[in-house]
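Trainee: Sequence and predicted structure are below.
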Number of protein chains: 2
Amino acid sequence: MDKNYKYVEKILVAVDCIIFGYGNGVLKLLAFKRAITPFKGEWSLIGSFITSNESAEEAGKRVLYEITGLNHIYMEELKTYTKVDRDPGARCISIGQFALVGLEDKKDMMVMNGVEWHSIANLPDLVLDHHQMVTDALLRLRNKAQFYPIGLELLPKQFTIPQLQTLYEEIFQKKFDVRNFRKKLLSLNILIQLEEKDKTTSKKGAFLYEFDYLKYKKLKDKGFKFSLFKI
Amino acid sequence: MDKNYKYVEKILVAVDCIIFGYGNGVLKLLAFKRAITPFKGEWSLIGSFITSNESAEEAGKRVLYEITGLNHIYMEELKTYTKVDRDPGARCISIGQFALVGLEDKKDMMVMNGVEWHSIANLPDLVLDHHQMVTDALLRLRNKAQFYPIGLELLPKQFTIPQLQTLYEEIFQKKFDVRNFRKKLLSLNILIQLEEKDKTTSKKGAFLYEFDYLKYKKLKDKGFKFSLFKI
DNA sequence: TCAAAAGTGTTCTTAGTACACCCATGT
DNA sequence: ACATGGGTGTACTAAGAACACTTTTGA
């Protein structure tokens, strides 16, 4: 209450990025193996301390860029972790930043030494409360994907309907009926069908679509919800 | 990334509480008029700097207690505000804590000098980015009330169905059909009807109910969602 | 010609919405 | 006896769920 700034103790503030990627039909997490103490040799989320001239999201995007060379990545705040003893090294709070990366069209991505994509189904142990962060982030992904077209951040700009369905099945660990999925999806009227087909997964080929972000935004402002099914 | 703790700058970390109360059919916000600089005479959310031996939620609950004498109040993290220039006095990030208080059964609440409940419909200007925090919190309240029985935090332990409906109508700024509201609500099977009636608002009286938290928790674990209607 | 994935329609079931009157009681 | 808020049931409509076969084409 008393904002007598001078006599207040300052605290270390970090960001840690929970970065999900999707490629080859598998949902993955980006982590790196620490080369220096503390926690040398252990897996950790990618993070950084926040400097005086950047916001948490800026710091998150900065480290993500430093590590992968990627820019313009979907990122939102997840939660702030403030338990007094969460880091034995020092009192340090961490702002979790939740990020999504489509891996199919980012083949040129940098992969630095010690940085690796891990299948969600088979994660290594992570330092500190990073595992909790991943659990929280997965929940966020599932909750948000129900009502927002956030899943599309994990796909290339042009994608097929079977591809999208497979992604949803991976996210929710649940199978959907192909006919109902397609019917519901197209009834939302926010996909643009392209001329071309993607023939990489079948001989017949599947039509490519693009998401109509402008139309979606307009609809959203009118109260429309992007909802594919009841979970 | 480099957790070379010693050479990293520390930052002021505050909590600001967005405290909603509900009484006399009106949704209200708790704020206080600053008696000291900076921002003397201006309205502000209730907040504090975080000390080295408390988490953000503990700090939030601490100030809430200091200001109102209230304990065991619903509180969750809203969002962390980290813009570099959000506080002209110093680089300072603030963790927004979202809280709900039912006012009907807290008549004994302390009301300190300068602290006031303001109708949401008629808020004063607030310092810094506090107005943004309130906007975000209202959105959170609406989003969360759709799928979680969070609205009950704003009512006394024993409440009537018309009372609950009025609350929802206040939160969503929307009228609901009495028959459909009651039907849907009771179909969830998580309210316990009591013997007594509340006769304060009508001659006939309305039956009192209690929420069955245990039953709700069990159902929730099985995937049940507390959802009253499509918004 | 056949294997493999893409694409398509109908019926049934469930949940949501719209709507109007009687009930209990204190004054 | 009447005014006031509490309580109830039914018919219609829309959305979700279940379900199996045809199409295309490269090898």
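Mentor: Received the coordinates, thanks.
Trainee: Enumerate the residues of chain A near DNA strand C.
Mentor: A:160-162, A:178-180, A:182-183, A:197, A:201-207 (CB under 7 Å from any atom of the strand). (C-beta placed from N, C-alpha, C; glycine too.)
Trainee: Among these, name the ones in strands.
Mentor: Judged by DSSP state E, the subset of those located in strands is A:T160, A:K197, A:A206, A:F207.
Trainee: Drop anything exposed from those.
Mentor: Among these, those scoring as buried are A:T160, A:A206 (criterion: 16 or more other CB atoms under 10 Å in any protein chain shown).
Trainee: can you tell me which two in the ones in strands among the residues of chain A next to DNA strand C are farthest apart?
Mentor: Greatest spacing in those, by CB to CB: A:T160 and A:K197 (8.1 Å).
Trainee: Would you mind listing the residues touching both of the two?
Mentor: A:A206, A:F207, A:L208 (CB atoms under 8 Å, 6 or more residues apart in numbering or on different chains).
Trainee: Which ChimeraX command selects the buried ones in the residues of chain A next to DNA strand C?
Mentor: Buried residues within the residues of chain A next to DNA strand C, by 16+ other CB under 10 Å, are selected in ChimeraX with:
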select /A:160,161,162,206
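Trainee: Keep only the residues of chain A next to DNA strand C that also lie close to DNA strand D.
Mentor: Okay, of the residues of chain A next to DNA strand C touching DNA strand D (CB under 7 Å from any atom of the strand), that's A:V178, A:R179, A:N180, A:K203, A:K204, A:G205.
Trainee: Out of those, which comes closest to chain B?
Mentor: Nearest to chain B among those, counting by CB to the nearest CB, is A:N180 at 19.0 Å.
Trainee: That closest one: what's it in contact with?
Mentor: Under the criterion of CB under 8 Å, 6+ apart, the neighbours of A:N180 are A:F229.
Trainee: distance of it from A:F224?
Mentor: A:N180 sits 20 Å away from A:F224, taking CB to CB, to the nearest Å as the criterion.
Trainee: With adjacent residues omitted, what lies nearest to A:T201?
Mentor: Distances taken as CB to CB, 6 or more residues apart in numbering or on different chains put A:P162 closest to A:T201, at 7.3 Å, once the chain neighbours are dropped.
Trainee: Please name the strands paired to the one helix or strand A:L12 maps to in the sheet, noting orientation.
Mentor: For A:L12, the host element (DSSP states H and E) is strand A:12-23. Paired neighbours of strand A:12-23 in the sheet (DSSP bridges): strand A:26-33 (antiparallel), strand A:46-49 (antiparallel), strand A:92-102 (parallel).
Trainee: longest helix in chain A, by residue count?
Mentor: helix A:130-147 (DSSP state H).
Trainee: ranges for the helices of chain A?
Mentor: According to DSSP H, the helices that chain A contains are A:56-68, A:130-147, A:161-172, A:178-187, A:213-221.
Trainee: out of these, deepest packed?
Mentor: Of all those, helix A:56-68 has the most neighbours on average by mean count of other CB atoms under 10 Å in any protein chain shown, namely a mean of 20.
Trainee: ok, so of the ones in strands among the residues of chain A next to DNA strand C, who is nearest A:A145?
Mentor: Nearest to A:A145 out of these is A:T160 (CB to CB; 18.0 Å).
Trainee: Next one, pLDDT for the closest one please.
Mentor: For A:T160, the model assigns a pLDDT of 98.
Trainee: so who does it touch?
Mentor: By CB under 8 Å, 6+ apart, A:T160 lies in contact with A:D198, A:T201, A:A206, A:F207, A:L208, A:Y209.
Trainee: Tell me, please, the helix or strand in chain A that averages the lowest pLDDT.
Mentor: None of the helices or strands of chain A scores lower by mean pLDDT, DSSP states H and E than helix A:213-221, at a mean of 93.
Trainee: List the contacts of that helix.
Mentor: With CB under 8 Å, 6+ apart, helix A:213-221 has contacts from A:P149, A:N189, A:I190, A:F224, A:F226.
Trainee: where's the dip in pLDDT among those residues?
Mentor: Lowest pLDDT among the contacts of helix A:213-221: A:F224, with 88.
Trainee: one step back: could you identify which of the contacts of helix A:213-221 has the most neighbours?
Mentor: Neighbour counts for those peak at A:I190, which has 22 neighbours (criterion: other CB atoms under 10 Å in any protein chain shown).
Trainee: Surely that residue and A:F226 touch.
Mentor: Yes: A:I190 lies in contact with A:F226 (CB atoms under 8 Å); the separation is 7.4 Å.
Trainee: okay, how far is it across stretch A:84-93, tip to tip?
Mentor: Using CA to CA, to the nearest Å, one end of stretch A:84-93 lies 8 Å from the other.
Trainee: Then stretch A:112-125?
Mentor: End-to-end for stretch A:112-125, by CA to CA: 20 Å.
Trainee: and chain A, which residues reach DNA strand D?
Mentor: Proximity of chain A to DNA strand D (CB under 7 Å from any atom of the strand) is limited to residues A:D177, A:V178, A:R179, A:N180, A:K184, A:K199, A:K203, A:K204, A:G205, A:S227, A:F229, A:K230.
Trainee: Farthest pair within the residues you listed?
Mentor: Greatest spatial distance among the residues of chain A next to DNA strand D (CB to CB): A:K203 and A:K230, at 34.6 Å.
Trainee: Quick one: residues contacting A:Q193.
Mentor: By CB under 8 Å, 6+ apart, the contact set of A:Q193 is A:F207, A:L208, A:Y209.
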